[in-house]
Structure formats: C-alpha cells, structure tokens
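Novice: For reference, the sequence and a predicted model appear below.
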Amino acid sequence: MVYAQDLKSCEIKPSCGFESHPRHKNMSTMPIVTRTLKQTSYHVRGAHPKLLILSGTHGDELEVTGCVTEYIDSHQPSLPDYVYIPKLSPSAVRLKTRRNMFGHDLNREFVHNPTDPEVITAIKILEPFAFSLCIAFHEDPDRRTSFYMYDSHSLSHEQLQVYRNLVTQTNASLFTGIDDPADKKLALHVEKGYIHTPILGHHDTGFSMRWLIMDHKSDRVLNPEIPGKADMDLKQQLVDKMFAFGNTLV
Ligand SMILES: [Zn+2]
C-alpha cells in the first residue's frame, strides 16, 4: 500500500459521499506532513484536524488498512483535515498477529497510567490534537459478509436510518447477535449492524474508544468492524461508506 504524497495526481471518485457535502470541499489541497515517533508513523493534514483515522490496532486485520489508505489517497479534496495513523501497533502489524511484540492486545492497553510502549507513543502523538470524530477501523475475523459498528454515542433514529441505508447499498448485511461471546470485556448485543457502547465509559477496560472519550481527545468514536473474511471489494465498499457516514457527523 502506497501513501500518495503527490496529492495533485489523485483522482477524485464521483461516487464519494463527501462530494455531496459542500462544507467539506477543500480544493486547495493542504500539504500532508508525515512524521514518525518511535516506530509509529502518522500523517497530518491541516493545522487543526478534526478527524482522527486509526487502523492497524491488531496485526491480523491488515487488509482494511489498505482500503483506508486507498480511500484517503483518492479522496483528498473532499476529506476534512485529519490525522491518520495506519499502524497503531507497528509491531503487531509486523508480526501479523493480534498481540504486539510486548504480548499485548493494544485495544486493552489504553488504561490509566499505560505501560505498553506503543500506547504511550500513540498518546504522545495525539497530545496536541482535539478531534470531533475518530473512526477506528477494525476487522471481525469471524464475519464473511455481515457488518457492524460500535459507537461511543447514540445515533438518532434518522441517523441510524442513514447509516443502515449506506451499509445495505453494499453487498454486506447488517449483523445482529453477540459481537464476541468469548471476550469477557465485550460479549455485547449488536442490533442490525449497530451498537452504542456507553459501558466503555464505566470501567478501565483499556479500549482506545474509552480513552479517546474520557481524555477528551475526540467528541465521538466510531469503531467499524469490517468482515474479515470478505473479499477486498466488499471491504473497500464498506470503508467508503463509513467515511461517507462519518462525514455526516464531523
Ligand atoms: Zn481489531
């Protein structure tokens, strides 16, 4: 996956949801600054980015990162200013495993006084910023075509309708059931592709979503779970739709 530095050469896809929202039209392509702290690389566009995009929390969910990078590369003029961290856990991505080189599931390590070096680095990177929205992309390895999303806040009835319509425009279905019965910190009921997770605010569970909200790093966090067994085309479609939906919330 290549992160296009030369944005002027980017193609603008007419199917993009952002284009229908003129307030995000930004035809003067802002320069993107790419930095690396310790092992973690990140891209910053604009002086006051309001959108945080995360992927690569788990190293066995690699394909979605390619889809996210592809979307960002090809939709620059219509994206709000952003920070993008493609590999939140660089060592897990390198190992292609859920756990990182320190034996940690990174999405359980965003605790009070964290010890995981990659979490400490991520917190340091995000220190200067305050976001309206974070979209943290994951894959659910158990799903083939069914999709769902965690949300730190509750969508209105109308917003839910918009969200579900966008998902059903792809070849995916809306997942209903228990997210991960084997995970004691999860095992939450998902209804038609959506789950609002206020429970994450009540315990020091180490979820990045909880940290982002509790430390006022982001007003809202969406956590799309792209079906891990889906083909690349469906993964890309779902990523595209999640950016389009995120645009309605920024
Ligand atoms: Zn994940």
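Specialist: Structure received.
Novice: Once you drop chain neighbours, what's closest to the closest residue to the ion within the chain?
Specialist: Taking Cβ to the ion as the measure, the point where the chain comes nearest the ion is His138, at 3.3 Å. Using the backbone N, CA and C atoms, a C-beta is placed for each residue, glycine as well. Setting aside the residues directly before and after it, His138 is nearest to Glu225 in space (Cβ to Cβ, 6 or more residues apart in numbering), at 5.2 Å.
Novice: ok, the strand or helix carrying the one you found: who's next to it in the sheet?
Specialist: Counting by DSSP states H and E, the element that carries Glu225 is strand 218-227. Paired with strand 218-227 in the same sheet, following DSSP bridges, are strand 131-136 (parallel), strand 138-140 (parallel), strand 146-151 (antiparallel).
Novice: and that strand, is it in reach of the ion?
Specialist: No - judged by Cβ under 5 Å from the ion, strand 218-227 and the ion are separated, with a smallest distance of 7.5 Å.
Novice: circling back to that earlier point, compile the strands paired with strand 218-227 into TSV and extend it with columns for mean neighbour count and mean pLDDT.
Specialist: Output for those, formatted as TSV (neighbours: other Cβ atoms under 10 Å; pLDDT from 0 to 100):
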stretch	mean neighbour count	mean pLDDT
strand 131-136	22	98
strand 138-140	21	97
strand 146-151	23	96
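Novice: For the ones you listed, give me JSON lines that also has distance to Tyr82.
Specialist: Formatted as JSON lines, these follow (distance: least, Cβ to Cβ, whole Å):
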{"stretch": "strand 131-136", "distance to Tyr82": "9"}
{"stretch": "strand 138-140", "distance to Tyr82": "18"}
{"stretch": "strand 146-151", "distance to Tyr82": "19"}
